[in-house]
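[1] Predicted model, plus sequence, below.
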Amino acid sequence: RWMQQADKVFLHYMPTYNAPILASFLGQFRSKVVWVIWGGDAHKTQYLGRKAVLFDALERPVFKRLGFISSSQEIEYTRAVEVFKIPNAKYIPLIYSIDVFKAMPESRVENNGASERIRILLGNNACPTNRHIEAIDLIKSNVRNFGGEVEIHCPLSYSITDETYQKRVIEHGKAVFGNSFIPITDYQKPEDYFDFLGRMDVFIMNHLRQRGIGVIRTALFWGKVVYMAAANSNLQHFKNEGMHLFETEQLIKSPLVKMLPVEIKNLNQHLMVENYGEHRALSLWLEALDFAS
């Protein structure tokens, strides 16, 4: 009923099990519905295995009728069109608001890169899509390049889809790095987590798909060192915008980058504001709310 009464409808996921109902709705109202791509439902073919076939069967009628797809990155739209064979959907660019771009917490301890350990944030939650084990081994292969002076902080308190996986990450991290591997298994208040992020030096996001984008954007805005998997299309998107990031695979041969030059920090911050700032967000949302029928 709400969808029928609404002028515009934004679906921030693809509701698989309700897809047949949604498909019948789209038969009448496709001109006002926008699918806002979420990493999980747009990339499920990478991790759902046989279940992806069932999801595809349920969602296919929706994709045939879908009129609009939104994402902050057109490369996600292009991939969705190709993978799900979506015939007629148009692209509407949208981004999150500026809320995540706050000043660096005052309580942050400045790391001088000398006697203090390098603080690494590994992943953003407990989901296997973070590929923690592979990332831990990549960091291990790099230890000889910076003397092992490293702390690895690994958030594992959110999106626990597999408790066995969570335990395996902790066991592997401790086996490789001992007490230098610090798993985070308790929820933190937003302000505490924000302060915690401010104390990190290097952000390693080893996902193969869209995930942790809010954390990544915040890190870039703060001038932090960010590593992403080469196969993640979001990495190329940020690079295409002119930002400086690194590939996790570089850790095999090249020393860990511990700190960015000031001019690169300033450039990343400027580009983040330009591409994802409040004025940009407002203009895109105004256009999205006014899209033609």
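    Yep, it's here.

[2] ok, Ile204 - contacts?
    Taking Cβ atoms under 8 Å, 6 or more residues apart in numbering, we find Ile204 in contact with Ile120, Leu121, Leu122, Gly123, Ala135, Ile139, Tyr227, Thr248. C-beta here means a position set from N, CA and C on the backbone, and glycine is covered the same way.

[3] From those residues, which land in helices?
    Ala135, Ile139 (DSSP state H).

[4] Now the two most distant members of the contacts of Ile204.
    Spanning the widest gap among the contacts of Ile204 are Leu121 and Thr248, at 12.9 Å by Cβ to Cβ.

[5] quick one: which of the two has more around it?
    Leu121 (25 against 22; other Cβ atoms under 10 Å).

[6] Contact partners for the more buried one?
    Taking Cβ under 8 Å, 6+ apart, we find Leu121 in contact with His153, Cys154, Pro155, Leu197, Met200, Val202, Phe203, Ile204, Val215, Ala219.

[7] Could you count how many residues lie near the closest residue to Trp38 other than its chain neighbours?
    Among residues not flanking Trp38 along the chain, Tyr13 sits closest, at 4.7 Å (Cβ to Cβ, 6 or more residues apart in numbering). By other Cβ under 10 Å, 13 other residues sit near Tyr13.

[8] which SS state does Tyr13 fall under?
    Following DSSP: H, G, I helix; E, B strand; the rest coil, Tyr13 is assigned to coil.

[9] Surely it and Asp41 touch.
    Yes: in this structure Tyr13 lies within contact range of Asp41 using Cβ atoms under 8 Å: 5.4 Å.

[10] Could you list the buried residues of stretch 170-180?
    By neighbour count on 16 or more other Cβ atoms under 10 Å, the buried set for stretch 170-180 is Ile170, His172, Gly173, Val176, Phe177, Ser180.

[11] if I look at the third one, how far off is Gln188?
    Look at Gly173 and Gln188: by Cβ to Cβ, to the nearest Å, they are 19 Å apart.

[12] And the first one, by the same measure?
    Distance, Ile170 to Gln188, using Cβ to Cβ: 17 Å.
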